[in-house]
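Novice: Following is a predicted model, sequence given first.
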Amino acid sequence: MVSPKRACIIVLALIPFIFMYECDGASYPSGSHVDNANITAFDSQKVDVSVYYESLCIPCATFIVKNLREFFDHDIISIVNLHLVPWANSHVNNNSIICQNGQDECILNSLEACAINIWNVDKYYYLINCFEFLAIDGSPKNWKSCIDELGLPSEPIRNCYNRGTATELAKAYIIETAQLSPPPTILPWVLVNNKPVGKEYENITSYVCKAYRGTAVPAACNLR
């Protein structure tokens, strides 16, 4: 596990979570009906990509907004099962969470964990992408603007945060990260089909294209 440079003990349940506005609820289509057997067969061919990170880790933020963005801009996501894991360099002490980069990171980790828990990847990625742009910009406290900008309903994420779900998600992610073998030595810690890519994480799209064994090859893979 990467050693934290500095830590801040924070009890998540005591962090004020005040929304200055309420976004209008938006409805999202669930998609057209397709045969479940076909879905299962296609999903079994997808490449598993797991990303263990912290929200205010700048290399992590850069990876999310730049390298993972390729998945969505070039339809690589169609052949990927993406698993994002915030809280990768935090740990639990009694009922408190020790965060590497202070209270702002604990809050953003919680919000990102809630987003992953609430929405599908096409929605939560863009919200996390927006949060991580703020992290790079040095303005993570402006996270509410991302919810407003994307037109997402604020109530689900607010309920997740306020009712204890965020804390339970944090503990689960911390346990998951602690059980990795080999343990993370850098962040982001990226796995492709459960194998770490180490410092080669910036080449994640190439790794995915090489690992994919299905027939629905995205055009972007043919360019590599």
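Specialist: Perfect, I can see it now. Numbers count the residues shown, from 1 in each chain.

Novice: Please identify the helix or strand for the nearest residue to residue 57 once chain neighbours are set aside.
Specialist: Ranked by C-beta to C-beta, 6 or more residues apart in numbering and with sequence neighbours excluded, the top spatial neighbour of residue 57 is residue 187, at 4.9 Å. Every C-beta, even on glycine, is put in place using the N, C-alpha and C of the backbone. Counting by DSSP states H and E, there is no helix or strand that carries residue 187.

Novice: what number of residues lie near residue 187?
Specialist: Neighbour count of residue 187, defined by other C-beta atoms under 10 Å: 21.

Novice: again, but for the one 3 residues further on
Specialist: For residue 190, the tally of surrounding residues (other C-beta under 10 Å) stands at 27.

Novice: One more: the one 10 residues further on?
Specialist: Here the count is done by other C-beta under 10 Å, and residue 200 has 12 residues near it.

Novice: ok so, going back, state the distance from the residue nearest to residue 57 to residue 56.
Specialist: For residue 187, the distance to residue 56 equals 11 Å [C-beta to C-beta, to the nearest Å].

Novice: do the same with residue 185
Specialist: For residue 185 relative to residue 56 (C-beta to C-beta), the value is 19 Å.

Novice: helix, strand or coil for the spatially most central residue of the chain?
Specialist: Geometric centre of the chain, nearest residue: residue 84, 3.6 Å, by C-alpha atoms, centre = their mean. For residue 84, the secondary structure call by DSSP: H, G, I helix; E, B strand; the rest coil comes out as strand.

Novice: Start from the N-terminal end of this protein and give the helices.
Specialist: Here the chain has its helices, by DSSP state H, at 36-44, 58-62, 69-73, 103-118, 121-137, 144-150, 154-162, 165-178, 204-211, 219-222.

Novice: how many neighbours does residue 81 have?
Specialist: Neighbours of residue 81 under the rule other C-beta under 10 Å: 14.

Novice: Quick check, it in contact with residue 45.
Specialist: No - the criterion here is C-beta atoms under 8 Å, and residue 81 misses it with residue 45 at 10.2 Å.

Novice: if I look at residue 146, how far off is residue 154?
Specialist: 11 Å.

Novice: ugh, wrong one, I meant residue 195
Specialist: 38 Å.

Novice: more neighbours, the two?
Specialist: Counted by other C-beta under 10 Å, residue 195 and residue 154 do not tie: residue 154 has more neighbours, with 16 against 11.

Novice: Mind pulling up the pLDDT for that one?
Specialist: If you check residue 154, the pLDDT there is 95.

Novice: next one: the one 4 residues further on
Specialist: pLDDT for residue 158: 96.

Novice: ok, how many other residues are close to it?
Specialist: Neighbour tally, residue 158, other C-beta under 10 Å: 17.

Novice: The one 5 residues further on too?
Specialist: The criterion is other C-beta under 10 Å. On that basis, residue 163 has 11 neighbouring residues.

Novice: Now do the same for residue 132: its pLDDT.
Specialist: Residue 132 carries a pLDDT value of 99.

Novice: Please give me every residue in contact with the residue nearest to it when sequence neighbours are not counted.
Specialist: Distances taken as C-beta to C-beta, 6+ apart place residue 61 nearest to residue 132, at 4.0 Å, with adjacent residues excluded. Contacts for residue 61 (C-beta atoms under 8 Å, 6 or more residues apart in numbering) come out as 55, 132-133, 135-136.

Novice: how far away is residue 107 from residue 52?
Specialist: Residue 107 is 19 Å from residue 52, by C-beta to C-beta.

Novice: In terms of neighbours, single out the busier of these two.
Specialist: Shown here are residue 107 and residue 52; by other C-beta under 10 Å, residue 52 has more neighbours (27 against 23).
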